[in-house]
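Engineer: Give me a model of this one.
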Amino acid sequence: MAANIKNLIRLHEWNVDEKRRKLGELLHLLGELEDQMKRLEDDLVVQQKAAAADPTLAGITYGVFAQRVILRRENLQDSIDQMGTVIGHAQDELSEAYQELKKYETVERNRQRRYELEQNRREQVMLDEIALNQHRRKKAAHG
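Structural biologist: Predicted structure coming up:
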């Protein structure tokens, strides 16, 4: 039985590690999307300054650029929003896996505690018997 619990604990530890790794990857991807959004905003500022510096050339190119930026910003924001939902689910899965692991660890801890209490009880019975036998011998020798 103890081996089964230990195997279950190992299995659930692995499951928690996998969920944690998956969540880490998702958070990394979210960070990349947010970095892309920041770069896009930075590029927009640069292009706006260039357009202000040369309005005649900017009139031709800036409009197309601005439309692409708007579309790209919307797509990135949609991806960021979707990633937030996916991360929320991954966090829930990790939490559930961790709670399940804790259940098995608690069972194992309780099993170990009962085993130790039983061992202590047996040891005490043995010591009591030794003391009783010594007392009987001492009494018989003096009696």
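Engineer: Neighbours of residue 104, how many?
Structural biologist: Look at residue 104: counted by other C-beta atoms under 10 Å, it has 19 neighbours. Yep, even glycine has a C-beta here, placed from its N, CA and C like the rest.
Engineer: Now do the same contact list for the most centrally placed residue in the chain.
Structural biologist: The structure's the chain has its C-alpha centroid closest to residue 20; by C-alpha atoms, centre = their mean the separation is 3.7 Å. Residue 20 makes contact with residue 94, according to C-beta atoms under 8 Å, 6 or more residues apart in numbering.
Engineer: Pull up the per-residue confidence for it.
Structural biologist: Looking at residue 20, its pLDDT reads 97.
Engineer: mind checking how far it is from residue 14?
Structural biologist: 11 Å (C-beta to C-beta, to the nearest Å).
Engineer: circling back to that earlier point, can you tell me the helix or strand for the residue nearest to the centre of the chain?
Structural biologist: helix 2-53 (DSSP states H and E).
Engineer: which regions of the protein lie under the pLDDT threshold?
Structural biologist: Applying pLDDT under 70 to the chain flags the ranges 1, 59, 143.
Engineer: so who does residue 91 touch?
Structural biologist: Contacts of residue 91 by C-beta under 8 Å, 6+ apart are residue 23.
Engineer: any idea of the angle the strand or helix carrying it forms with helix 2-53?
Structural biologist: Assigned by DSSP H and E, residue 91 belongs to helix 55-142. Relative orientation of helix 55-142 and helix 2-53, computed by axes from the mean of the first three to the mean of the last three C-alpha atoms, to 10 degrees: 160 degrees.
Engineer: Residue 51 and residue 43, how far apart?
Structural biologist: 12 Å.
Engineer: who's more crowded, the two?
Structural biologist: residue 51 (17 against 13).
Engineer: quick one, what contacts the closest residue to that one other than its chain neighbours?
Structural biologist: Leaving out its chain neighbours, the residue that sits closest to residue 51 by C-beta to C-beta, 6 or more residues apart in numbering is residue 58, at 3.2 Å. Taking C-beta under 8 Å, 6+ apart, we find residue 58 in contact with 50-52.
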